[in-house]
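> Pasting the sequence and the predicted model now:
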Amino acid sequence: MNKRLSTRDYILLLLKTNGQMGTKEIQNRLGLTKVAVSRQMIHLEKDGFVQYTLGRHQLGRPMHYYSLTPLGQEQFPSDYGQLAVELLDHMAVEEGEDRLDAFFKRQQARFIEKYADRMRGKNLAERVEELAGIQDVHGFMTKWEQQDEGAFAMIQHNCPYFKIANRYEAICERELSSYQALLEAAVERPECVAKGAGRCVYLIREREQRIISDSAM
């Protein structure tokens, strides 16, 4: 267990990076007794950071399966907060939705321009690794993996723009199109934190492979 984190913080981190977890799995990861873990989860639930569902683990009594609430998600790095949301709301009211769309578009262009040079001369696997590293530094808690030849997954366990994304879906769409441009690949996002998922998942393939797949359908 990470000595620099309290037990409470470590549980939140486990749920952030693993998604829903059962009581027994949390016990094993923490090396604590069932009573000690239950005590921590009761406090976290009372504070509004976690929620649970009941399910069965093989044979035996029902088990609690815990996940983070929106408030729990907000305990992780965030570049923007409520002030940013209020500023964007003000822009939309005072200057119109078109002005807001133009703002998001400019932010996207700056992001692509800033990192385009770091993608040049690399194959797709190297570009995915590079982008995952960039976004991990920016607080997205990003991991990536190769799923098949020419197929990759990039997983973001944290959304620094969580409050904004909940209100303005455009920021998520701009992020997706930015990844498509930088990776020069077909990119899909089947899971999105702003739409209720516990993480954002990007599936990445060579564009030629996606074209062949679509034409074969």
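Now that the structure is in, tell me what you want to look at. Quick caveat, the model's predicted, so the values are computed rather than measured. Numbers count the residues shown, from 1 in each chain.
> In the chain, where is pLDDT below threshold?
1-5, 56-60, 77-84, 208-217 (pLDDT under 70).
> so where do the helices sit in it?
7-18, 23-30, 34-46, 70-73, 82-95, 97-115, 124-135, 162-167, 170-183, 207-216 (DSSP state H).
> name the helices or strands packed onto the second one?
Think helix 23-30. Other helices and strands packing on helix 23-30, by 3 or more CB pairs under 8 Å, 6 or more residues apart in numbering; DSSP states H and E, are helix 7-18, helix 34-46, strand 62-68. Bear in mind the C-beta positions are built from the backbone N, C-alpha and C, glycine included.
> Turn these into JSON lines, including mean neighbour count.
Putting those into JSON lines (neighbours: other CB atoms under 10 Å) gives the following:
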{"stretch": "helix 7-18", "mean neighbour count": "18"}
{"stretch": "helix 34-46", "mean neighbour count": "14"}
{"stretch": "strand 62-68", "mean neighbour count": "18"}
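> Any idea which of those gets closest to Ala109?
Closest approach to Ala109 among these (CB to CB): helix 7-18, 30.6 Å.
> if we can go back for a sec, save the helices and strands packed on helix 23-30 as JSON lines, and put in distance to Leu183 too.
Output for the helices and strands packed on helix 23-30, formatted as JSON lines (distance: least, CB to CB, whole Å):
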{"stretch": "helix 7-18", "distance to Leu183": "23"}
{"stretch": "helix 34-46", "distance to Leu183": "37"}
{"stretch": "strand 62-68", "distance to Leu183": "28"}
